[in-house]
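S.K.: Pasted the sequence and its predicted model underneath.
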Amino acid sequence: MLESESLNGFTGFAQKDRAQFQYSRSVEKMNEEAQVEFEPEVLAEIPDMDRRWAWAEVSLEAIRHNTIEAKKRLKPGVRLMAVVKADGYGHGAFECAKTALNSGADNLGVATVDEAVRLRDAGVTAPILILAEPPITSVPLLLAKRITPTVYSPEFALAYAETADRHHMKAPFHLAVNTGMNRIGVRAEDIIEFERQVNFHRALVQEGTFTHFATADSSDTIDFNFQARRFVDAVRALHTAGVDPGIVHAANSAALFRFPDVHFDMVRLGIAMYGCHPCEQTRGAVDLWPAMAVRARITAAKTVPMSEGVSYGLAYRSPGSVKICTVPIGYADGLSRLLSGRIDFIVGGQYVRQVGAICMDQCMFEVDMRSFGSRERLDPQVGELVTIVGRDGDAVVTLTDMARTIGTIDYELACSFSRRLPRLYV
Ligand SMILES: *Cc1c(COP(=O)(O)O)cnc(C)c1O
């Protein structure tokens, strides 16, 4: 009977009570009138953190500290490139680039044309290198925005040079040398041949020559040494052939802190700038401050009777005497579903166990309501602060812990925190 009279989407009460229907219409009208009373400026002023109780905090102080620690280890004259690809490893490319440049970085490195364009459009004037060869079709953008490409194919080099020449411009590039990682670059033994193929073009300017290490973070240094030697030989061959290699660079974060011999003219600082150690070996070498914290506030807190389940699948069952709290962060925010039931959050300086499947937008954790030992009894309430990554009191959860739990690296977790989580710069 109720279903029989759905009017314009109004169901239920509308079916035989016309007054209800009219009431609904008038609410609509009232709302329309009210809308004009909410000034757009007032609405815009409601901070991100008051719209959604989950966010990522980025400490620019940490970025600054880590950049300075890297710079300190370089001989005078050695340049520091801040790698801000993938939106600054998820920390915000523009903010991190600005902070790094103000803390001693000279150059910026990104992965894509759009990443570089966004920095230029935000007003960044420092040299920007794309760490791979972009599509030939993007050449006009590179020239117009003064973005330097990595080059390793003669086709790209010549198309780039031709376009530059037509606009009476130079075509600066960095040559990528493949010394063993076999990702990109001209094979070390082929670089003289490559130079012969492109060298005649007057617009081309070899502004740099670089390689990338596959195992700079490994305890075994055989492959690393092999790559380093090949690179040194390749650069020497360029000199012998009368080619100026420009800025010679090879080191990522791991090599920067472990192997000063490969600093050459520039180092490329990535993960360590964001406060994560690329490997165990760098822990003794530098004190890095983690730049990212992920926090939320409790949106629901309730006791759940013994043996009742929690979240999709009800795989977790309440043992009784626990409070189950909900936070509005889920796998759509980058909190991988693989972490379900395998991580701890922090409330009031104490670890609490995440329980049940992590949902798209929310997840739950368990708080033991019993008091035992000297442990302070927790009784979390709606609105209370929860730390998902970062420090709270003496307790700390690192991206590295989290990454290990699911068999990946902190690089992946950092850049997977989605843009839906507002970034709060502190
Ligand atoms: C990402 C990247 C880096 C930075 O590496 P980290 O390990 O994060 O320091 C350096 N060089 C190249 C070519 C890269 O792609």
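M.R.: Yep, that arrived.
S.K.: Give me the phi and psi for the closest residue to the ligand within the stretch 301-426 of the chain.
M.R.: For the stretch 301-426 of the chain and the ligand, the shortest gap (CB to the nearest ligand atom) falls at residue 411, measuring 6.4 Å. The way it works is simple: take the backbone N, C-alpha and C, and place the C-beta from them, glycine included. For residue 411, the backbone dihedrals (degrees, to the nearest 10) come out as phi -50, psi -50.
S.K.: swap in residue 394?
M.R.: Main-chain dihedrals, residue 394, degrees, to the nearest 10: phi -90, psi -10.
S.K.: check contacts around it.
M.R.: Under the criterion of CB atoms under 8 Å, 6 or more residues apart in numbering, the neighbours of residue 394 are residue 349.
S.K.: Surely the residue of the stretch 301-426 of the chain closest to the ligand is in contact with residue 272?
M.R.: No - taking contacts as CB atoms under 8 Å, residue 411 lies outside contact range of residue 272: 11.0 Å.
S.K.: These two - which one has more neighbours?
M.R.: When neighbours are counted by other CB atoms under 10 Å, residue 411 and residue 272 differ, and residue 272 comes out ahead with 23 against 18.
S.K.: Tell me the secondary structure at the more buried one.
M.R.: With DSSP: H, G, I helix; E, B strand; the rest coil as the basis, residue 272 sits in helix.
S.K.: Against the ligand, how distant is it?
M.R.: Residue 272 sits 6 Å away from the ligand when distances are taken as CB to the nearest ligand atom, to the nearest Å.
S.K.: next structured bit after the host helix or strand of residue 139?
M.R.: Taking DSSP states H and E as the criterion, the element that holds residue 139 is helix 139-144. Helices and strands here follow DSSP H and E; after helix 139-144, the next one along the chain is strand 150-151.
S.K.: Against which helices or strands is the next helix or strand after that following strand packed?
M.R.: Downstream of strand 150-151, the first helix or strand assigned by DSSP H and E is helix 154-166. Taking 3 or more CB pairs under 8 Å, 6 or more residues apart in numbering; DSSP states H and E as the contact definition, the neighbouring helices and strands of helix 154-166 are helix 139-144, strand 171-178, helix 191-198, strand 204-210.
S.K.: now the helices for the stretch 301-426 of the chain?
M.R.: Residue ranges of the helices in the stretch 301-426 of the chain, as given by DSSP state H, counting those that start in this stretch, are 399-405, 410-416.
S.K.: can you give me the offset of the first one from its chain's centre?
M.R.: In terms of CA atoms, centre = their mean, to the nearest Å, the centre of helix 399-405 is set 15 Å apart from its chain centre.
S.K.: Pull out the buried residues from that helix.
M.R.: Residues of helix 399-405 classed as buried under the neighbour-count rule (16 or more other CB atoms under 10 Å) are 399, 402-403.
S.K.: Over to the last one?
M.R.: Residues 410-415 are the ones in helix 410-416 that count as buried (16+ other CB under 10 Å).
S.K.: In a markdown table, list those residues along with pLDDT.
M.R.: As requested, these are exported to a markdown table (pLDDT from 0 to 100):
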| residue | pLDDT |
| --- | --- |
| 410 | 93 |
| 411 | 95 |
| 412 | 96 |
| 413 | 95 |
| 414 | 93 |
| 415 | 94 |
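S.K.: quick revisit: next up, the contacts around the residue of the stretch 301-426 of the chain closest to the ligand.
M.R.: Taking CB under 8 Å, 6+ apart as the criterion, residue 411 is in contact with 89, 270-271, 276.
S.K.: Starting from residue 31, give me the distance back to it.
M.R.: Remark: distance between residue 411 and residue 31 (CB to CB, to the nearest Å) = 47 Å.
S.K.: Overlap in contacts, residue 411 and residue 272.
M.R.: With CB under 8 Å, 6+ apart applied, the contact sets of residue 411 and residue 272 do not overlap.
S.K.: Was I right to think residue 369 contacts residue 301?
M.R.: No - distance between residue 369 and residue 301: 10.9 Å, which falls outside the contact criterion (CB under 8 Å).
S.K.: Could you tell me which residues touch both of those two?
M.R.: Joint contacts of residue 369 and residue 301 (CB under 8 Å, 6+ apart) are residue 323.
S.K.: Can you report how many residues lie near residue 244?
M.R.: Around residue 244 there are 10 other residues, counting by other CB under 10 Å.
S.K.: nope, residue 98 is what I was after
M.R.: Residue 98 is surrounded by 21 other residues when neighbours are defined as other CB under 10 Å.
S.K.: And for residue 118?
M.R.: By other CB under 10 Å, the residues close to residue 118 number 15.
S.K.: how about it, what does it touch?
M.R.: Under the criterion of CB under 8 Å, 6+ apart, the contact list for residue 118 reads 93-94.
S.K.: Report the secondary structure state of it.
M.R.: Under three-state DSSP, residue 118 falls in the helix class.
S.K.: From the ligand, how far out is it?
M.R.: Taking CB to the nearest ligand atom as the measure, residue 118 and the ligand are separated by 17 Å.
S.K.: per-residue pLDDT, that residue?
M.R.: As predicted, residue 118 sits at a pLDDT of 98.
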